[in-house]
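Novice: This is a predicted model, with the sequence first.
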Amino acid sequence: MEKKLIAIDMDGTLIGDEGISVADKAAILAAKEAGHIVAIVSGRSHESVLELLKEEGLEHLPVSGSNGAITLVNNIEISRVSMPEKLVKEVVNYLDKTYPFLIYASTGVYSKPDFLERVKAEFETSPGAKGSPFESYEFMAEYSQNHSVLTFEDLSEVTKADIFKIFVFLPNPKKKETCSTFVKTLDNVMMTSSYVDNISISSGDGHKGTGLKALANHFNIPLEHTIAVGDNLNDLGMLNIAGLSIAMENAEPEVKEAADVVTLSNLESGVAHAIKNHVLKA
């Protein structure tokens, strides 16, 4: 049997309306029992992923968080890709004018003290994108509380840590386009998105493909024996290099086009369907 590495995105892929489905969880455990490696590769911070997996009884899965910028196996870090300080300063100096943003760092997630006020202002001028977890102010407030988001006044308070990515909430399409245009002028930068109302900014190597490669190298599994499952643009980094790329039925059109096959949606336990058909039956 060929040992496979299965890299699964979280939001929009493994997560449905009520967390991880019973079928998805059973399929993951069956794949592990069969000798395969199942890992979570997410745009969320690694702390957030680990906490959710613990709640779901899947705490022993390898995790690559912040879009592949930091990767852990058995809670031990095996790979880290930080943003250069110059890039961080350029981005933050630009965003600090009006944009609501979060900084994902090795010491936690940070925001300016007025982050929620900025979010509220965005909702007053443009609603959140339908289907996005960021579609309500209440969600953003709860996120800040549940993830113990730290506040900072001066960037020097954060740059003492390694910074993995900067998340920008942009429900207004025109502001998103303006911000994206600026980011594209910067050097050694990776810009992607987990939903239509946000962008994530990291170093050029700070993408999910880097996380997948780190895991494959650690477990000595050739890339041709890897499988990546995702739904949004920030998954393209791993989908483009995996031996088999699988898009969710609810995936963005560009993601479906890039994938080798399409499985069921996240509300139909598409991950379980993919594992059963492309791993356990293989």
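Specialist: Now that the structure is in, tell me what you want to look at. Here the structure is a predicted model, which means the values were calculated and not measured. Residues are numbered from 1 along each chain as shown.
Novice: Shouldn't Asn67 be within a strand?
Specialist: No - assigned with DSSP: H, G, I helix; E, B strand; the rest coil, Asn67 falls outside any strand and is coil.
Novice: Check the spacing between it and Ser193 real quick.
Specialist: Using C-beta to C-beta, to the nearest Å, Asn67 is found at 10 Å from Ser193. For glycine as for every other residue, the C-beta is placed from the backbone atoms N, C-alpha and C.
Novice: ok, now Thr178?
Specialist: 15 Å.
Novice: So which of these two has more stuff around it?
Specialist: Neighbours were counted for Thr178 and for Ser193 using other C-beta atoms under 10 Å; Ser193 has more, 19 against 12.
Novice: which residues does that one contact?
Specialist: The contact partners of Ser193, by C-beta atoms under 8 Å, 6 or more residues apart in numbering, come to Ile199, Ser200, Asn232, Leu233, Asn234.
Novice: could I get those residues as CSV with neighbour count?
Specialist: Shown next, in CSV, are the contacts of Ser193 (neighbours: other C-beta atoms under 10 Å):
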residue, neighbour count
Ile199, 23
Ser200, 24
Asn232, 23
Leu233, 20
Asn234, 29
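Novice: from these, which two are the most distant?
Specialist: Ile199 and Asn232 (11.7 Å; C-beta to C-beta).
Novice: from the contacts of Ser193, which single one is nearest Asp24?
Specialist: Using C-beta to C-beta, Asn232 comes nearest to Asp24 of the contacts of Ser193, at 17.6 Å.
Novice: Packing partners of the helix or strand of the chain with the lowest mean pLDDT?
Specialist: Scoring the helices and strands of the chain by mean pLDDT, DSSP states H and E places helix 137-146 at the bottom, with a mean of 72. When contacts are defined as 3 or more C-beta pairs under 8 Å, 6 or more residues apart in numbering; DSSP states H and E, helix 137-146 sits against helix 115-125.
Novice: which residues touch the helix it packs on?
Specialist: Outside helix 115-125, the residues that touch it by C-beta under 8 Å, 6+ apart are 98-102, 112, 136-137, 140-141, 144, 149, 151, 169-172.
Novice: Now intersect the residues you listed with the strands, please.
Specialist: Among these, the ones falling in strands (DSSP state E) are Phe101, Leu102, Thr151, Phe169.
Novice: about what we covered before: angle of the least confident helix or strand of the chain against helix 115-125?
Specialist: Per axes from the mean of the first three to the mean of the last three C-alpha atoms, to 10 degrees, the angle that helix 137-146 makes with helix 115-125 is 170 degrees.
Novice: re earlier: show the buried residues in the contacts of helix 115-125.
Specialist: Among the contacts of helix 115-125, those classed as buried by 16 or more other C-beta atoms under 10 Å are Tyr99, Pro100, Phe101, Leu102, Lys112, Met140, Ser144, Val149, Phe169, Leu170, Pro171.
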